[in-house]
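K.L.:
Please work out how this folds:
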Amino acid sequence: MKYRILCGAAVILLLVIVIAAQQYEPDKNRYHQHLEEDAYTPCTDHGDDVFCTHLPLMNINTDEEIPDPYLYDENGEYLKNDKNKAVRNDETVSATVQFFDTENGNNHLTDEPSVQELAQVRIRGNSSRKFDKKGYLLKFTKENGIDSKEVSLAGMVKDSSWVLHGPILDKTLIRNYMCYNLCGTVMDYVPEVRFCEMFLNGEYIGVYLITEKINYNNKGRCNISKTDPDIASTSYILRMDTGDTDETHLMDTFFDYTGKRGQSLRKSEHFEIVYPSLTLTEDQKEYISYEISRLEKSLVSYDSTDSNLGYPAYIDVDSFAKFFVLNEFMMNVDAGALSTYFCKDVRGKIKIIGWDYNNAFDNFFSDISIYGDDFYIKNKWYKYILKDRNFVEKVIKTYRDLRKNILSDEYIINYIDETVEYLGPSIGRNYEKWGYTFSEEYNKENSGIVLYPLERNPSGYGEAVTQLKEAVAARGSFMDENIETLYAKCHDSVNKKYKLQSGE
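P.N.:
Modelled structure (predicted):
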């Protein structure tokens, strides 16, 4: 009898462990490079003078010097737009790209490349254009140097355009990689990413993150149908940001006309139509503007929570709830207002997509503690959506569920350690090039583009990783204790008072 009881207890315990393990697994299948690819093994067959890495290796050689990231006037001063911001220079140059990615073993510049193609290259980014370590946009072309050519890199979906992100503000090198992948396990779409090491015109420039560019792709990525310029109704992708763009693709909506977008913390964000792009017609632009305005009108109506008349009729509620939880947990201060994408299939609802986690987990230029412990997303849509108790309950449940698995301290700390271990000696090579950015002198001379107050800047790689882990633990503790304070945003007393004051 004793052994039957023990046996029964063991079975129950095993079932509990199995169920717990199942809950601990991410919701979606996602390719995590550090788990799927071989770790570093010492080079023994090429000699000390041949560059060797276990990461994929990108080698770009341009036909001429890559242009400066900003435009200048005749006096050598930055050209300014009507918002007194320096005008970006998005001129591209022709280049030859070699990409080395062997299935087994290390990669060398003397190997046969997996990919060798022509491309157009330029510097990309907004604030990151000012950094010493630049980010680049890579557009593969056919032999004529004009027509696009779709190419697969490191097993990702074929496309002509790719982003090469060079982490420099993030001294751990891993925030974007980790956050894209964690978000990608639960969101419908988040760009795939792969680490590589990179050479530009014969010079080693460090560890980079190859990132899918958010745009239409008929082989995956955003799941939308192709546009038809002869039809006004269209699938579309929008970006909320502050960057310079062609007026053709800028869009004003109901919140802009009525002033409800207001003066935000960053003051100048706007919607830009990313897709359709070259074939965008005035009728399509009007259609997209109408759709967004229809949603915004529903957000401020008395029927705002109605499944047929309110915001749930226009947005994918699960998408918005997951985005809120993930970006709040990651302390992504740009989320919702900057570097944020929205996509909608002509037959579906609006979904929200994250982009750029370089500032996540307390890595923002300014000390975000000046705002106190808080929820960071300031997007005007969320201001109204959070007035709905059903949405707040969905957010809280989503957080509690994710906190048991991919947002647990244990899971993320282990993810950090495994990723750092995977990067191995590439970290040292990167900081042979960029190690001066840890110095006090560099931080003082570049106070506008480093963490502030200056003592927040880590003095070495180990300290940077420790800071990241501490931020993860602190944010989890805060949200555990405060997630239910979101109920205050949907309480009748607050919302009725607001409606009386605003006349809405």
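K.L.:
In space, what's closest to A154 - neighbours in sequence excluded?
P.N.:
Spatial nearest neighbour of A154, chain neighbours left out: R194 (4.0 Å); criterion: Cβ to Cβ, 6 or more residues apart in numbering. No exception for glycine: its C-beta is placed from N, CA and C like everyone else's.
K.L.:
now Q120
P.N.:
Leaving out its chain neighbours, the residue that sits closest to Q120 by Cβ to Cβ, 6+ apart is T92, at 3.9 Å.
K.L.:
From what I see, the one you found and R124 are in contact.
P.N.:
No. T92 lies out of contact with R124 (Cβ atoms under 8 Å); the separation is 10.3 Å.
K.L.:
Can you check which residues contact both of those two?
P.N.:
Common neighbours of T92 and R124, counting by Cβ atoms under 8 Å, 6 or more residues apart in numbering, are L137.
K.L.:
Would you agree T253 is in contact with L299?
P.N.:
No. Contact criterion Cβ under 8 Å: T253 and L299 do not qualify, at 11.3 Å.
K.L.:
returning to that earlier point: now what about the strand or helix carrying the residue nearest to A154, what contacts it?
P.N.:
Using DSSP states H and E, R194 falls within strand 193-200. Contact partners of strand 193-200, identified using Cβ under 8 Å, 6+ apart, comprise 33, 51, 53, 55-62, 99, 109, 153-156, 164, 166, 176-177, 180-181, 204-212, 423, 426, 429-430.
K.L.:
What subset of those residues is buried?
P.N.:
Burial by neighbour count, judged by 16 or more other Cβ atoms under 10 Å, picks out 33, 51, 53, 55-60, 62, 99, 109, 153-154, 156, 164, 166, 176-177, 180-181, 205-212, 423, 426, 429-430 from those.
K.L.:
Among those, which lie within strands?
P.N.:
Of the buried ones among the contacts of strand 193-200, the ones assigned to strands by DSSP state E are 53, 57-60, 62, 99, 164, 205-212.
K.L.:
Confirm that A360 sits in a strand.
P.N.:
No. Per DSSP: H, G, I helix; E, B strand; the rest coil, A360 lies outside any strand segment and is coil.
K.L.:
out of everything not next to it in sequence, what's closest to it?
P.N.:
Counting by Cβ to Cβ, 6+ apart, the residue nearest A360 is M330, at 4.2 Å.
K.L.:
isn't that neighbour right up against C179?
P.N.:
Yes. Using Cβ under 8 Å, M330 is in contact with C179, at 5.5 Å.
K.L.:
Pick out whichever of the two has more residues nearby.
P.N.:
The neighbour comparison of M330 against C179 (other Cβ atoms under 10 Å) goes to M330, with 27 against 24.
K.L.:
So which residues of the stretch 201-350 of the chain form strands?
P.N.:
For the stretch 201-350 of the chain, strands defined by DSSP state E, counting those that start in this stretch occupy the ranges 203-212, 236-241, 250-251, 270-275, 340-344.
K.L.:
Lowest average pLDDT across those?
P.N.:
Of all the strands of the stretch 201-350 of the chain, strand 250-251 carries the lowest average pLDDT, namely a mean of 86.
K.L.:
Parallel or antiparallel, list what pairs with it.
P.N.:
Paired with strand 250-251 in the same sheet, following DSSP bridges, are strand 270-275 (antiparallel).
K.L.:
got the contact list for the partner strand?
P.N.:
By Cβ under 8 Å, 6+ apart, strand 270-275 touches 214-216, 224, 227, 235-243, 245, 249-253, 256, 280, 285, 288, 292, 341, 343.
K.L.:
Just the buried ones out of the residues you listed, please.
P.N.:
The neighbour-count test (16+ other Cβ under 10 Å) marks 214-216, 224, 227, 235-243, 245, 249, 251, 253, 256, 280, 285, 288, 292, 341, 343 as buried among the contacts of strand 270-275.
K.L.:
what's the residue closest to the geometric middle of this structure?
P.N.:
By Cα atoms, centre = their mean, the chain has its centre lying nearest to W355, at 2.4 Å.
K.L.:
what separates it from R429, distance-wise?
P.N.:
28 Å (Cβ to Cβ, to the nearest Å).
K.L.:
returning to what we had before: quick one: distance of the strand holding R194 to the chain centre.
P.N.:
A distance of 17 Å separates the C-alpha centroid of strand 193-200 from that of its chain, computed with Cα atoms, centre = their mean, to the nearest Å.
K.L.:
about what we covered before: name the nearest residue to the residue nearest to the centre of the chain, sequence neighbours excluded.
P.N.:
Per Cβ to Cβ, 6+ apart, closest to W355 is S339, 4.6 Å.
K.L.:
So what does the one you found have for phi and psi?
P.N.:
When read as degrees, to the nearest 10, the backbone of S339 gives phi 50, psi 40.
K.L.:
Now do the helices in the stretch 1-150 of the chain.
P.N.:
For the stretch 1-150 of the chain, the helices defined by DSSP state H, counting those that start in this stretch occupy 2-24, 33-36.
K.L.:
any idea which of the ones you listed scores lowest on pLDDT?
P.N.:
helix 2-24 (a mean of 40).
K.L.:
any idea how far Y236 lies from V186?
P.N.:
24 Å.
K.L.:
Please apply the same query to E441.
P.N.:
As judged by Cβ to Cβ, E441 and V186 stand 42 Å apart.
K.L.:
Could you give me the buried positions within stretch 473-491?
P.N.:
Here stretch 473-491 shows R475, G476, F478, M479, I483, L486, K489, C490 as buried, counting by 16+ other Cβ under 10 Å.
K.L.:
and the third one, what helix or strand is that in?
P.N.:
Taking DSSP H and E as the criterion, F478 maps to helix 461-482.
K.L.:
still on that earlier bit, number of nearby residues for the residue nearest to A154?
P.N.:
Burial of R194 is recorded as 20 neighbouring residues (other Cβ under 10 Å).
K.L.:
List the beta-bridge partners for it.
P.N.:
I210.
K.L.:
what sits against F361?
P.N.:
R175, M330, M331, L468, A471, V472, R475.
K.L.:
Which residue, other than its chain neighbours, is closest to it?
P.N.:
F361 sits nearest to A471 (Cβ to Cβ, 6+ apart), 4.1 Å away.
K.L.:
quick one: the one you found and P425, what's the gap?
P.N.:
26 Å.
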